[in-house]
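A.B. asks: Fold the following and give me the result.
(2 chains)
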Protein chains: 2
Amino acid sequence: MKKCIITISRQYGSGGRQIGRKLSDELAIPFYDKEVIDLAAKESGLAVDFIRGQEQQLTQSLLFSIVTNFTTASSGAFNPNMLSLSDQVYLAEAKAIRDLADKGPCVIVGRCADYILRDTADCLKVFIHADLAFRAHRIVEVYGEREQSPEERLRDKDKRRAAYHRFYTNMKWGHAQNYHLTLDSGVIGIDKWVDIIAALY
Amino acid sequence: MKKCIITISRQYGSGGRQIGRKLSDELAIPFYDKEVIDLAAKESGLAVDFIRGQEQQLTQSLLFSIVTNFTTASSGAFNPNMLSLSDQVYLAEAKAIRDLADKGPCVIVGRCADYILRDTADCLKVFIHADLAFRAHRIVEVYGEREQSPEERLRDKDKRRAAYHRFYTNMKWGHAQNYHLTLDSGVIGIDKWVDIIAALY
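C.D. replies: The predicted structure follows:
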């Protein structure tokens, strides 16, 4: 089976972005992470900072999405003016992801890319995770996050990502069946996994 | 991190047992599947056919386990005579798995081995899955199962295994975080995965 796009979903602090970046270097194909925001902003007219802000606070805007969708469903009519901020960002990013994938083989990190591309591209779908201790160490040492208990921050991020993914894809985030490959970056090591995924690709 | 034991959990029909067998050949280490039943029978005094029967009908005996545990918890006293058949088989197999793991590096398929060995061995924990179409084809072509709709049988097996695993380990079967590696055998192919796991080991 030909695989053109590698989509990487990952737990915060697991090193998923780093694995994606190294993969793109090793395979000499583009790497898209923040680039999705830039393109979504350009094509939708939304500001880059606005999209970034929405991504940071996923749950609040999701709550509005749920209320909006419930109201829309009750009234029996779809009203595009009632799209929540979260919906608008999701749709803008989804279009950006499809446009980037159309250009050719690449690595795309996060933003439900595996789901968004399910009918239009051959994807190798990867999920990367690690235990709390490994991730806590990384977000303090690598990201320099020291304001909040790292474990607390990780649990909060996990919850938000799972809720976001569930809401827009109706699939369970981190459930093996939704990916071709899931891996623990804490035990096997980031570089080893890069080699393995590259070999699979 | 040194890994001595490879534990393989798998969806029915995914080829997990075949991957385990090939791995054991490639790594020249023992492979334990039905051997766990033989040893559990020998050590516990339970009959091989009895254990096999219990494994086949997981849910019925689980139901009794739940009722028994509830009754025991309500009465506030643990009564070993109240162990359900499912509990007895689980405990006998758990002891057999620990004994087999004590002998040295090996591949063990199923029976919550990853959980049972969590404190006593270095395990590379693998979960193998595939979509319904791939598995349905395999259980008809490879196992020769033609009496029931293959999809129906697979859904039933998945439910039973998930319930069994959840009951005895309190962990979600097939959730990426519970394994070092999960893989889709239908997309990448069984032989390719054997090479990759062997390389990781």
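
A.B. asks: How about A:Lys157: what's its closest non-neighbour residue?
C.D. replies: The shortest distance from A:Lys157 to any non-neighbouring residue, by C-beta to C-beta, 6 or more residues apart in numbering or on different chains, is to A:Tyr12 (3.9 Å). Heads up, the C-betas are built off the backbone N, CA and C, glycines and all.

A.B. asks: quick one: contacts for A:Gly174?
C.D. replies: Contact analysis of A:Gly174 by C-beta atoms under 8 Å, 6 or more residues apart in numbering or on different chains lists A:Ser9, A:Gln11, A:Phe127, A:His129, A:Ala162, A:Thr182, B:His175, B:Ala176, B:Gln177.

A.B. asks: And A:His175, by the same measure?
C.D. replies: Going by C-beta under 8 Å, 6+ apart, A:His175 touches B:Gly174, B:His175, B:Ala176.

A.B. asks: so can I have TSV of those residues showing secondary structure?
C.D. replies: Putting these into TSV (DSSP: H, G, I helix; E, B strand; the rest coil) gives the following:
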residue	secondary structure
B:Gly174	coil
B:His175	strand
B:Ala176	helix
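
A.B. asks: And those residues, which is closest to A:Arg166?
C.D. replies: Of all those, A:Arg166 sits closest to B:His175, with 13.7 Å by C-beta to C-beta.

A.B. asks: So what pairs up with that closest one in the strands?
C.D. replies: A:His175 (DSSP bridges).

A.B. asks: Quick check: residues of chain A near chain B?
C.D. replies: Applying C-beta under 8 Å from any C-beta of the partner chain, we find that chain A lies next to chain B at A:1, A:127, A:129, A:174-177, A:179-184, A:187-188, A:192, A:196, A:199-200.

A.B. asks: mind running it again at 7 Å?
C.D. replies: By C-beta under 7 Å from any C-beta of the partner chain, the residues of chain A that approach chain B are A:1, A:127, A:129, A:174-177, A:180-184, A:187-188, A:196, A:200.

A.B. asks: Buried among these? Need that as a selection in ChimeraX.
C.D. replies: In ChimeraX syntax, the buried subset of those is picked out as below (16 or more other C-beta atoms under 10 Å in any protein chain shown):
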select /A:127,129,174,175,176,177,180,181,182,183,184,187,188,196,200
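
A.B. asks: And the next helix or strand past the lowest-mean-pLDDT helix or strand in chain A?
C.D. replies: Every helix and strand of chain A was ranked by mean pLDDT, DSSP states H and E. The lowest is helix A:58-75, at a mean of 60. Downstream of helix A:58-75, the first helix or strand assigned by DSSP states H and E is helix A:85-102.

A.B. asks: Now do that next one, average pLDDT.
C.D. replies: Helix A:85-102 shows an average pLDDT of 91 in the prediction.

A.B. asks: What strands flank the next helix or strand after it, and is each parallel or antiparallel?
C.D. replies: Following helix A:85-102 in sequence order, the next helix or strand is strand A:106-109 (DSSP H and E). When pairing is defined by DSSP bridges, strand A:106-109 lines up against strand A:5-10 (parallel), strand A:31-32 (parallel).

A.B. asks: Output the very next helix or strand once past strand A:106-109 as CSV - backbone C-alpha positions only.
C.D. replies: Per DSSP H and E, the first helix or strand lying C-terminal to strand A:106-109 is helix A:113-116. The C-alpha atoms that make up helix A:113-116 are tabulated as CSV, following Å, rounded to 0.1, in the frame of the first residue of the first chain:
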residue,chain,number,x,y,z
ALA,A,113,-5.1,15.4,9.9
ASP,A,114,-5.5,11.6,9.9
TYR,A,115,-9.3,12.1,10.0
ILE,A,116,-9.4,15.0,7.6
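
A.B. asks: Between strand A:5-10 and whichever helix or strand comes after helix A:113-116, find me the angle.
C.D. replies: Toward the C-terminus, helix A:113-116 is succeeded by strand A:123-129 as the next helix or strand (DSSP H and E). Interaxial angle, strand A:123-129 versus strand A:5-10 (axes from the mean of the first three to the mean of the last three C-alpha atoms, to 10 degrees): 20 degrees.

A.B. asks: Show the subsequent helix or strand relative to strand A:123-129.
C.D. replies: Downstream of strand A:123-129 (by DSSP H and E), the next one is helix A:132-141.

A.B. asks: which strands and helices sit next to that next one?
C.D. replies: With contacts defined as 3 or more C-beta pairs under 7 Å, 6 or more residues apart in numbering or on different chains; DSSP states H and E, the packing partners of helix A:132-141 are helix A:150-169.

A.B. asks: residue ranges with poor pLDDT in chain A?
C.D. replies: Applying pLDDT under 70 to chain A picks out residues A:1-3, A:58-81.

A.B. asks: how near is the residue nearest in space to the middle of it to chain B?
C.D. replies: With distances taken as C-alpha atoms, centre = their mean, A:Gly110 lies nearest the centre of chain A, 1.6 Å away. Going from A:Gly110 to chain B by C-beta to the nearest C-beta, to the nearest Å gives 15 Å.

A.B. asks: Please verify my assumption that that residue contacts A:Thr7.
C.D. replies: No - if you go by C-beta atoms under 7 Å, A:Gly110 and A:Thr7 don't touch, sitting 8.6 Å apart.

A.B. asks: Skipping its backbone neighbours, what lies nearest A:Lys95 in space?
C.D. replies: A:Glu43 is the one closest to A:Lys95 (C-beta to C-beta, 6+ apart), at 6.1 Å.

A.B. asks: I'd guess the one you found is in a helix, am I close?
C.D. replies: Yes - read with three-state DSSP, A:Glu43 is one of the residues of a helix.

A.B. asks: how many other residues sit next to it?
C.D. replies: Residues lying near A:Glu43 (other C-beta atoms under 10 Å in any protein chain shown) number 13.
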